[in-house]
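Engineer: just the structure for this:
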Amino acid sequence: MFDGYNGEVFRQLGEKDGPRNTRLVMTELVKSDKSTVSIAYLTRNFGDRWQIIDVIVDSGISELLVRKSEYNLVLKEKGIPGLIDLLNAKADQLISG
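Structural biologist: Numbers count the residues shown, from 1 in each chain. Take a look at the predicted model:
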């Protein structure tokens, strides 16, 4: 979703209680053309810190569920070695920037 910066701005719109002791932080990304993308961060308190556990884009697309589906498909088609390859490739991408 984010592959560079071109004048975009994040706006925090508020917070509300979420399911099962979570908290939703509602934001929007305002693009340089003034269009917006709704982004909700699902957070949970772990001890003394709140951490993001999922990101929901455009009021319904859960990044966690998308990744889970992707990983399940790789496991089904390529087994554990295929999943390891996929995760290593994603880690390499993160490390290289």
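
Engineer: how about the helices in the protein?
Structural biologist: Per DSSP state H, the chain carries helices over the ranges 63-96.

Engineer: so which bits of the lengthiest strand in it are buried?
Structural biologist: Taking DSSP state E as the criterion, the chain has its longest strand at strand 36-46. Neighbour counts using 16 or more other CB atoms under 10 Å place Ile39, Ala40, Tyr41, Leu42, Thr43 of strand 36-46 among the buried residues. The way it works is simple: take the backbone N, C-alpha and C, and place the C-beta from them, glycine included.

Engineer: can you check stretch 74-82 too?
Structural biologist: Buried, per 16+ other CB under 10 Å, within stretch 74-82: Val74.

Engineer: just stretch 67-76 next, same as before
Structural biologist: Using 16+ other CB under 10 Å as the burial criterion, the residues of stretch 67-76 that qualify are Val74.

Engineer: chain center to it, what's the gap?
Structural biologist: Its chain's C-alpha centre and that of stretch 67-76 lie 16 Å apart, by CA atoms, centre = their mean, to the nearest Å.

Engineer: got it, and stretch 41-59?
Structural biologist: That offset, for stretch 41-59, works out to 9 Å (CA atoms, centre = their mean).

Engineer: what about Asp33, neighbour count?
Structural biologist: 9 (other CB atoms under 10 Å).

Engineer: about what we covered before: between the longest strand of the chain and helix 63-96, how many degrees?
Structural biologist: If you take axes from the mean of the first three to the mean of the last three CA atoms, to 10 degrees, strand 36-46 sits at 90 degrees to helix 63-96.

Engineer: what is the rounded mean pLDDT of strand 36-46?
Structural biologist: Across strand 36-46, pLDDT averages out at 92.
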